[in-house]
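Visitor: I would like the atomic coordinates for the input below:
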Amino acid sequence: MKLEVLQDIALASASERSFEKVLARIVEGLHRQPEVALARVWLLGPGDSCATCRMASSCDDRSRCLHLVASAGTPRSVDADWSRLDGSFRRVPLSSKKVGAIAATGAGTLINDVKSEKWADRDWVAREGIRSFAGHPLVFRGETLGVLAVFRRSPMDDQDFRLLGAFANQAAVAIANARALEEVERLQRRLEQENAYLREEVETALAFGSIVGRSRPLRRVLKQIEMVAPTDATVLIVGESGTGKELVAREIHERGRRSGRALIRVNCSAVPRDMFESEFFGHVRGAFTGALKDRPGRFQLADGGTLLLDEIGDLPLELQPKMLRVLQEGQYERVGEDVTRSVNVRVLAATNRDLEGLVRSGRFREDLYYRLSAFPLEVPALRERTDDIPALAAHFVELSARRLGIHPPRVPIEEYERLKEYAWPGNVRELQNVVERAVILSQGGRLRMEVRPGRAAMSGGAASDVRGGGGAAVIPHREWRRMERENLLAALKVSGGRVYGPRGAAEILGVKPSTLTSRLKAFKINVRAGSG
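Guide: Presented below is the predicted three-dimensional model:
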């Protein structure tokens with residue numbers, strides 16, 4: 001054997017990406033060498049053919065054996081095919097025959113008088129003119145992968161045997177690399193299939209408008225939406241913070257008769273007491289200091305459409321009679337005006353508070369409560385619909401990547417499933433924030449979801465985090481501040497320190513630049529350095 005020829009075979013094998021082509025290059029290159037009759041490669045694999053293996057009686061360890069994976073030769077018999085892998089030696093037990101002994105001991109073997117060996121098929125040896133056998137273990141990083149063997153029609157000297165051993169070492173590297181690459185490609189294909197599956201799941205889950213999910217608790221909510229949406233009934237949407245009450249309200253509006261008109265949302269807890277009447281009913285010019293022009297209220301803007309009264313449980317008690325009047329009679333007056341106006345509005349209300357408890361404690365009017373709760377609809381917490389978490393997370397990955405202007409990162413399905421083990425005290429809103437932060441940090445590569453440890457594993461029964469009287473999980477203020485600070489730093493890192501403009505941190509976070517600037521100052525974060 002010539003060293004240059006073996007090096008050429010090794011280089012050709014190493015250049016192949018396909019595992020099967022690497023094996024073919026090795027055996028085909030060897031069998032073309034002068035006097036080489038047959039070249040074969042066996043690799044270690046599971047014991048999968050013990051019931052039909054003719055060598056089973058000599059096999060001590062049936063958990064694994066040598067599998068014939070590549071064969072090439074030039075038989076003298078016209079009807080012989082030495083490329084087949086299903087012959088008598090398709091499986092060889094460890095320590096059995098010369099090939100098995102090489103794998104078991106890790107030592108090469110050279111035999112220059114094959115016809116005198118007991119294991120040899122003497123008729124085959126005589127018919128094909130086989131004189132010598134040489135075999136070397138295929139070893140990669142201390143691990144035996146299999147055996148490389150050649151049968152020759154002439155004796156092999158020690159130098160050729162050593163050259164074949166050096167070639168076997170190079171072949172082992174090529175085989176290991178091709179195997180690893182094939183595994184990477186297999187995982188990549190699996191990941192692509194999983195992502196395609198999740199996209200299909202999201203599309204299916206989004207069949208009901210923009211609400212993602214198909215779990216039983218959510219299907220119950222969707223059925224209620226379908227029933228109440230075509231009517232003009234007032235709906236009270238209750239649920240923990242972050243469960244998607246506004247999304248439910250939007251679906252009710254979109255599926256109702258008023259979908260062609262506006263859905264106006266107002267946060268009752270954010271309206272100052274002295275501005276309540278102006279905010280809801282409007283005012284005329286000069287009605288009070290600062291009223292420089294006529295301004296319509298939220299009821300007027302929603303006329304013919306739908307008004308969502310968010311956080312209705314935070315409506316001050318002294319302002320509730322005015323709200324009750326417009327809900328019952330559909331009439332109101334602007335601030336500074338004596339004219340009574342009529343309005344035709346469908347009202348939806350949402351709250352995360354226990355309104356019945358507020359009624360019992362005298363902090364919410366009973367008549368207003370009954371007026372609002374003509375059709376109560378409860379949105380389940382995320383921990384009650386864990387089957388929806390993978391589809392929700394995949395949906396948020398797509399949305400976040402689209403907003404950031406990057407290709408959606410690769411996410412193994414196991415990563416989505418792992419999210420089901422967490423209690424999600426912040427519900428869907430917290431899940432969206434976790435996903436968005438992960439997408440930002442992934443930089444377009446593989447994405448890993450990180451939830452804070454020690455805050456309620458679903459399988460552990462009662463959550464280990466701090467809880468309020470109603471059972472809702474509460475994040476300690478210090479922990480919340482730390483999470484917010486980390487999120488701001490992550491956004492600055494992605495934006496390159498830019499706060500304003502396209503792809504700036506404010507746009508990434510979905511807040512006004514002035515709001516972000518105030519938060520950065522509060523956390524003493526240096527914008528240029530991206531650290532505090």
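
Visitor: Walk me through the domains of the protein.
Guide: According to automatic domain parsing, the chain comprises the domains 3-185, 216-380, 383-522.

Visitor: so how far is the last one from its chain's centroid?
Guide: What separates the centre of domain 383-522 from the centre of its chain is 13 Å, taken as C-alpha atoms, centre = their mean, to the nearest Å.

Visitor: What helices and strands are in contact with whichever strand or helix holds Glu356?
Guide: Using DSSP states H and E, Glu356 maps to helix 355-360. With contacts taken as 3 or more C-beta pairs under 8 Å, 6 or more residues apart in numbering; DSSP states H and E, helix 355-360 sits against helix 366-372. Placement of C-beta: from N, CA and C, glycine included.

Visitor: Which parts of the stretch 1-150 of the chain are helices?
Guide: 3-15, 19-31, 97-105, 122-128 (DSSP state H, counting those that start in this stretch).

Visitor: looking at these, which is closest to Ala491?
Guide: Each of the helices of the stretch 1-150 of the chain has some distance to Ala491 by C-beta to C-beta; the shortest is helix 19-31, at 43.2 Å.

Visitor: Okay, buried residues for the closest one please.
Guide: For helix 19-31, a neighbour-count test (16 or more other C-beta atoms under 10 Å) marks 19, 22-31 as buried.

Visitor: where in the chain is pLDDT low?
Guide: Counting by pLDDT under 70, the chain has low-confidence residues at 1-7, 10, 12-13, 56, 190-209, 443-445, 452-478, 528-532.

Visitor: So for it, the centremost residue is which one?
Guide: Ranked by distance to the mean C-alpha position of the chain (C-alpha atoms, centre = their mean), the top residue is Val411 at 3.5 Å.

Visitor: My understanding was that that residue contacts Phe396; is that so?
Guide: No - proximity of Val411 to Phe396 does not meet the contact threshold set by C-beta atoms under 8 Å, at 10.7 Å.

Visitor: For Thr306, what are phi and psi?
Guide: Reported as degrees, to the nearest 10, the phi and psi values for Thr306 are phi -130, psi 140.

Visitor: so who does it touch?
Guide: 249, 252-253, 256, 258, 261-264, 345-348 (C-beta atoms under 8 Å, 6 or more residues apart in numbering).

Visitor: Then Leu44?
Guide: 64-67, 103, 144-146.

Visitor: ok, now with 10 Å
Guide: 64-67, 94, 103, 138, 143-147 (C-beta atoms under 10 Å, 6 or more residues apart in numbering).

Visitor: got the phi/psi numbers for the closest residue to the residue nearest to the centre of the chain other than its chain neighbours?
Guide: Excluding its sequence neighbours, the residue lying closest to Val411 (C-beta to C-beta, 6 or more residues apart in numbering) is Leu447, at 4.8 Å. Torsion angles at Leu447 (phi, psi; degrees, to the nearest 10) stand at phi -100, psi 140.

Visitor: so how many other residues sit close to Ser241?
Guide: Neighbour count of Ser241, defined by other C-beta atoms under 10 Å: 16.

Visitor: C-alpha coordinates for stretch 114-123, PDB please?
Guide: Written as PDB, here are the backbone C-alpha positions of stretch 114-123 (Å, rounded to 0.1, in the frame of the first residue of the first chain):
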ATOM      1  CA  VAL A 114      -5.600 -17.400   6.200                       C
ATOM      2  CA  LYS A 115      -6.200 -20.900   4.800                       C
ATOM      3  CA  SER A 116      -4.800 -22.300   8.000                       C
ATOM      4  CA  GLU A 117      -7.200 -20.400  10.300                       C
ATOM      5  CA  LYS A 118     -10.100 -22.400  11.800                       C
ATOM      6  CA  TRP A 119     -12.600 -19.500  11.400                       C
ATOM      7  CA  ALA A 120     -11.900 -19.200   7.700                       C
ATOM      8  CA  ASP A 121     -14.200 -20.600   5.000                       C
ATOM      9  CA  ARG A 122     -11.600 -22.700   3.200                       C
ATOM     10  CA  ASP A 123     -13.600 -23.200   0.100                       C
END
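
Visitor: rewinding a little: thought the residue nearest to Val411 was touching Pro409?
Guide: Yes - counting by C-beta atoms under 10 Å, Pro409 is a contact partner of Leu447 at 3.9 Å.

Visitor: so what sits against both of these two?
Guide: Common neighbours of Leu447 and Pro409 (C-beta under 10 Å, 6+ apart) are 397, 400-401, 438-439, 441.

Visitor: Quick one: mark the members of those residues that sit in helices.
Guide: 397, 400-401, 438-439, 441 (DSSP state H).

Visitor: Of those residues, which is the nearest to Tyr369?
Guide: Proximity of these to Tyr369 (C-beta to C-beta) peaks at Ser400, which lies at 38.5 Å.

Visitor: Next, count neighbours for that closest one.
Guide: Residues within reach of Ser400, counting by other C-beta under 10 Å, total 23.

Visitor: how far away is Asp158 from Ser495?
Guide: Using C-beta to C-beta, to the nearest Å, Asp158 is found at 67 Å from Ser495.

Visitor: Which of those two has more residues huddled nearby?
Guide: For Asp158 versus Ser495, the count of surrounding residues by other C-beta under 10 Å is larger for Ser495: 23 against 8.

Visitor: Out of the contacts of Leu44, which end up buried?
Guide: Buried by 16+ other C-beta under 10 Å: 65-67, 94, 103, 138, 144-147, out of the contacts of Leu44.
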